[in-house]
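1. prediction below, plus the sequence it came from.
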Amino acid sequence: NQPVTSTVVRTTCPYCGVGCGVLATPQPDGSVSIAGDPDHPANFGRLCSKGSALGETLSLDGRLLYPESDGARVTWDQALDRVANTFKQAIADYGPDSVAIYGSGQLLTEDYYVANKLMKGFIGSANMDTNSRLCMASSVAGHKRAFGSDTVPGNYEDLELADLIVLVGSNLGWCHPVLYQRIVRAKAERPNMRVVLIDPRRTVSADIADLHLAVQSDGDSALFVGLLGYLARTGITAPDFMENHTSGAEAALLVAEDWPVSRIAEVTGLSEKSVQLFYDWFAKTEKTVTVYSQGVNQSSSGTDKVNAIINCHLLTGRIGRPGMGPFSVTGQPNAMGGREVGGLANILAAHMDFTPDAIDRVGRFWGSDNVATKPGLKAVDLFAAMGRGEIKAVWIMATNPVDSMPEADAVRAALAACPFVVVSDISDRTDTGRTAHVRLPAAGWGEKDGTVTNSERRISRQRPFLALPGEARPDWWIIKEVGNRMGFEHGFAYFSPAEIFAEHVALTAFENHGSRDLDLSGLVGVDYASLPPTQWPVRHKPAARMFGDGHFFTPDGKARFVPVLPPPPFAPLPGTFILNTGRVRDHWHTMTRTGKTPRLSAHYAEPFVEIHPADADRLNIRPATLVQLSNRHASAVVRALVTDRQRRGHLFVPMHWTDQFASNGRIDALVTAKVDPFSAQPALKMAEVHAEPI
Ligand code: SF4
């Protein structure tokens, strides 16, 4: 893979939602040196183990380099014609809802924008969902219920300004390491700063916690509903803020009244003393940030959890001010950018929903009279519909649902039965790629050119420093070529990502008048090549802290309390465990990149199951022996890691390993495809499994 420069290139890490700035410098020997960008406001020069090892993941080993049709190498023209013609034929025969795109938070904003425009603007179906559905859809739904918009109010600096940080369902130490390092440093400088960790597991993030609440799985709703009642009872409220800037408090407080500390302790499995201590700290600490992540989102009650957290911040007026607020941190590098352009099946574009006004506005902007008029199929429903034969053609971009979706074996079967599967990816070895009729080689990190948005709404550039290898092409180019061949030339006359970004910026500002949170009008005419990391909103006046003026994007401008009734404690079937899934420190998703470097695999070389010593003893499972996990969906074989970091009755298995790296390690095959009713996000942290030694 040839460098296109020998000088340092300022770019952005392609892994987690922290969005660290990276300096990449191609070396004469063909390697690339990687360093943190000292001037990037996300990381100020720091990188974690994954970011530091980026240079070791750039080899062409395992890369998909040429278009393929039915396993044979073809020209781009042949591949693109086949994709366009087959999609057109399916639409002609079965209607626009018979086709779908399933994308990824790995796509750049420009790629996402063109894919979303093709599907929703010109094909006329909203069957465009992404793996972001698995990541933070519950936060999106919770934000919209509370704020009227999908707005993350937090800034990273709030984590350093806070006196209390509450980490809920977030192993920041492994999953957002540079943010974790920022907290570690802030806590070292201000020892009075407190950290509370709410997580069934005693993860590495507990190392900086002053209090770890090993809550029962899904007990966090109850914990925050109880907190709301406690704050109200003890008079820790912000009456002026509530009166002028919120609505609906009465109904939420009515529910919370019934949840005294004793009841909370009972349903969460915590001691009354520890619950009381947490409530006391929260009540007495104005500068409180509540950080939440997949442990909150990946739940069948994830949206309610988000609103239970936000309710507590609304009651105390702790939002829109430095050092306080609810703060969703996303898993992927561009989950936020994807949300911004509409990369979920229930969003139209630019944070606009499928309202008649928005459909008309977006249609006029795009010059299309065929804009989708209703939400499309969300991830779990999409693959279920495929399994029923209702999807005739699907295009999967930069993701591996055969391993990452719940009930992954059923997803594999659905793809195997789908009449036409297109996969565009950088890897030629994914399990999803094996189901494809057409495979399209996409550009990878270091070759791509575009933007991503991190968890604090900061847009940063990914810039290329390597030439496109083989016949790989950027995703935006592949999508626009298909759009053109489908007869939509007037919508897809793009020659560069800069043009696409400019169009995206213009759409956010189009007939906005301050009515929508996402407004990038300050970037109109910006020099794309030198665009510095920029946090939105970027209207014509200088950026303000989100909600700092007390204005929310609901019809009456007020934030909404949402009454939350905690779900009953989950009771697994007798003899089964509650299985929790998640990430390890040094691997990313299904390891197509991090699996290339031995340094990262040295941390954990194979999939494992964390099990409490008492449970291991009872089942005669010895440390480092093999364990079979099974349920009605599938089975997996993993290595026993016996540790009291795990709760009794609970197990944890990482989600990264696929058949490529370990036979029988595909853990998401065991997870039931149960979803949250508001966000449709699957409960990836709550499966029932049997465990036995083998
Ligand atoms: Fe990359 Fe996230 Fe690590 Fe930063 S913290 S270097 S964005 S993986």
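-> Right, received. Where do you want to start?
2. what's the spacing between the residue of the stretch 301-450 of the chain found nearest the ligand and W445?
-> Relative to the ligand, the nearest point of the stretch 301-450 of the chain is P333 (6.7 Å; C-beta to the nearest ligand atom). (C-beta placed from N, C-alpha, C; glycine too.) Distance of P333 to W445, given as C-beta to C-beta, to the nearest Å: 9 Å.
3. name the residues contacting each of these two.
-> Shared contacts of P333 and W445, defined by C-beta atoms under 8 Å, 6 or more residues apart in numbering, comprise P14.
4. so between the two, which is more surrounded?
-> When neighbours are counted by other C-beta atoms under 10 Å, P333 and W445 differ, and P333 comes out ahead with 30 against 24.
5. thought V22 was touching that one, still the case?
-> No - the criterion here is C-beta atoms under 8 Å, and P333 misses it with V22 at 11.2 Å.
6. quick check: neighbours shared by these two?
-> Listed as contacting both P333 and V22 by C-beta under 8 Å, 6+ apart are 12-13.
7. and the contacts of the helix or strand hosting V195?
-> In this assignment (DSSP states H and E), V195 forms part of strand 194-198. Here strand 194-198 makes contact (C-beta under 8 Å, 6+ apart) with 163-169, 183, 187, 203, 205-206, 208-213, 215, 220, 223, 278, 281, 285.
8. buried residues in it?
-> Residues of strand 194-198 classed as buried: 194-198 (neighbour count, 16 or more other C-beta atoms under 10 Å).
9. likewise for stretch 408-420?
-> Residues of stretch 408-420 classed as buried by neighbour count (16+ other C-beta under 10 Å): 408, 410-415, 418, 420.
10. dump those residues into CSV; add secondary structure and distance to the ligand as well.
-> Shown next, in CSV, are the buried residues of stretch 408-420 (DSSP: H, G, I helix; E, B strand; the rest coil; distance: C-beta to the nearest ligand atom, whole Å):
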residue, secondary structure, distance to the ligand
A408, helix, 24
A410, helix, 31
V411, helix, 26
R412, helix, 28
A413, helix, 33
A414, helix, 31
L415, helix, 29
C418, coil, 33
F420, coil, 35
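11. of all of the stretch 51-200 of the chain, which residue lies closest to the ligand?
-> Closest to the ligand within the stretch 51-200 of the chain is G51: 2.4 Å, counting by C-beta to the nearest ligand atom.
12. now do the residue nearest to L213 when sequence neighbours are not counted, the pLDDT please.
-> Leaving aside its sequence neighbours, L213 sits nearest to I198 (C-beta to C-beta, 6 or more residues apart in numbering; 4.7 Å). For I198, the model assigns a pLDDT of 98.
13. the one 10 residues further on too?
-> At I208 the predicted local confidence, pLDDT, stands at 97.
14. now for it: which residues touch it?
-> Contacts of I208 (C-beta under 8 Å, 6+ apart): 173, 180, 183-184, 187, 195.
15. measure it to V291 for me?
-> 12 Å.
16. for D199, see how far away the residue positioned nearest the centre of the chain is.
-> Centroid check for the chain by C-alpha atoms, centre = their mean gives C135 as the closest residue, at 3.4 Å. According to C-beta to C-beta, C135 stands 18 Å off from D199.
17. quick revisit: is the residue of the stretch 301-450 of the chain closest to the ligand in a helix, a strand, or coil?
-> coil (DSSP: H, G, I helix; E, B strand; the rest coil).
18. check contacts around the residue in the stretch 351-500 of the chain positioned nearest to the ligand.
-> Nearest to the ligand in the stretch 351-500 of the chain, going by C-beta to the nearest ligand atom, is N454, at a distance of 7.7 Å. The neighbours of N454, taking C-beta under 8 Å, 6+ apart as the test, are 17-19, 42, 330, 333, 336, 460.
19. do the same with R645
-> By C-beta under 8 Å, 6+ apart, R645 lies in contact with 201-203, 610.
20. output those residues in CSV; the columns should cover secondary structure and neighbour count.
-> Shown next, in CSV, are the contacts of R645 (DSSP: H, G, I helix; E, B strand; the rest coil; neighbours: other C-beta atoms under 10 Å):
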residue, secondary structure, neighbour count
R201, coil, 22
R202, coil, 17
T203, coil, 23
E610, strand, 22
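21. just give me the neighbour total for the residue nearest to P375 when sequence neighbours are not counted.
-> Of all residues not flanking P375 in the chain, N346 sits nearest, at 4.1 Å (C-beta to C-beta, 6+ apart). If you count neighbours by other C-beta under 10 Å, N346 ends up with 20.
22. pretty sure N346 is touching D353, no?
-> Yes - under the criterion of C-beta under 8 Å, N346 makes contact with D353 at 7.3 Å.
23. next, the residue of the stretch 501-650 of the chain found nearest the ligand: secondary structure please.
-> Using C-beta to the nearest ligand atom, W588 is the residue of the stretch 501-650 of the chain that sits closest to the ligand, at 7.4 Å. Taking three-state DSSP as the rule, one finds W588 in the coil state.
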